[in-house]
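Trainee: Below: sequence and its predicted model.
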Amino acid sequence: FFAVFYTQSVRGYSPLQTGLLMLPLVFAPRARLVVDRFGNKATTTGGMLVIAATLVAFATLDEDTPIWLLEVVFFFMGAGMAHIMTPTSVVIMQSLPREKAGSASALSNTFRQVGGALGIAVLGSVLSAAYRTGIEDKLGAVPAGLRHTAGESIEGTLAVAAKLGPRGESLVGPANDAFLHAMHVTALCGAGVALVGAVVVALFLPGRPKEPDELAKDAELVHGEAGRP
């Protein structure tokens, strides 16, 4: 959410260039192999910790950060998400009988969509509030009728600065500083949520799935107990 504003508003990249910069997020490793070796719980917990680390890394970015560092952050963020979505999807699909696979898939998509919407809403509110707090003291030279618009977001500030012409150029630097501070605060809040999620996953997510022979042994034990007088 805030990476787009960082790359376009602060760093000056075009929408197309921003899209190309985000290509490392499209990371689809063979996460299933990691799940088979370490189990769902360890893989997902590790993915959550990677996400937390990448969000902390966002809190260190500034106007002059080499762009290749951002690409590294995007790469690890994509890798972390790949090792979260794969095992959690497997756990959900395995929690219901095969004939209810459609319900399990719908449940998985519902949780994903609701979680994404809530995450953007909450962290977006944090970003907006932090930005307004950082920029409001710098809007004294802006006409009263434009101050509300200029204080809503970095795009609003830059739009008002463009309207003011040479008088508005002094707003660009403070707008970038205020946004970077807001992004750092938001990223650290997101990292905190990811750490809480890692703890929850480590405590409650099922671990390594049982092998077919183990399932057969369990079934034999159940049948044996049922057959006793």
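Mentor: Yep, that arrived.
Trainee: was I right about residue 86 contacting residue 33?
Mentor: No - counting by C-beta atoms under 8 Å, residue 86 sits too far from residue 33 to count as a contact (10.1 Å). In this view, the C-beta of every residue, glycine as well, is placed from N, C-alpha and C.
Trainee: Neighbour count for the two, which is higher?
Mentor: residue 86 (21 against 10; other C-beta atoms under 10 Å).
Trainee: so where does that one fall, helix or strand?
Mentor: Assigned by DSSP states H and E, residue 86 falls within helix 67-94.
Trainee: Please compute how far the helix or strand that that helix is followed by lies from its chain's middle.
Mentor: Counting by DSSP H and E, the element after helix 67-94 in chain order, helix or strand, is helix 101-135. Centroid separation for helix 101-135 versus its chain: 9 Å, with C-alpha atoms, centre = their mean, to the nearest Å.
Trainee: show me where pLDDT drops low in this protein?
Mentor: Low-confidence segments of the chain, defined by pLDDT under 70: 27-30, 207-229.
Trainee: Apply 80 and report the result again.
Mentor: Applying pLDDT under 80 to the chain flags residues 1, 26-33, 90, 93-96, 98-99, 101, 104, 141, 206-229.
Trainee: I'd guessed residue 149 sits against residue 155; true?
Mentor: No - contact criterion C-beta under 8 Å: residue 149 and residue 155 do not qualify, at 10.0 Å.
Trainee: tell me the phi and psi of residue 140?
Mentor: phi -60, psi -30 (degrees, to the nearest 10).
Trainee: What's the local residue count around it?
Mentor: Residues near residue 140, counting by other C-beta under 10 Å: 7.
Trainee: ok, now which ones touch residue 130?
Mentor: 181-182, 185-186 (C-beta atoms under 8 Å, 6 or more residues apart in numbering).
Trainee: Give me the residues contacting whichever strand or helix holds residue 16.
Mentor: For residue 16, the element it lies in under DSSP H and E is helix 15-21. Residues external to helix 15-21 that are found in contact with it (C-beta under 8 Å, 6+ apart): 4, 7-8, 13, 67, 70-71, 74.
Trainee: Could you dump the residues you listed into JSON lines with neighbour count and distance to residue 43 added?
Mentor: What follows is these, written out as JSON lines (neighbours: other C-beta atoms under 10 Å; distance: C-beta to C-beta, whole Å):
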{"residue": "4", "neighbour count": "14", "distance to residue 43": "29"}
{"residue": "7", "neighbour count": "20", "distance to residue 43": "30"}
{"residue": "8", "neighbour count": "17", "distance to residue 43": "34"}
{"residue": "13", "neighbour count": "17", "distance to residue 43": "34"}
{"residue": "67", "neighbour count": "11", "distance to residue 43": "30"}
{"residue": "70", "neighbour count": "20", "distance to residue 43": "26"}
{"residue": "71", "neighbour count": "14", "distance to residue 43": "24"}
{"residue": "74", "neighbour count": "19", "distance to residue 43": "20"}
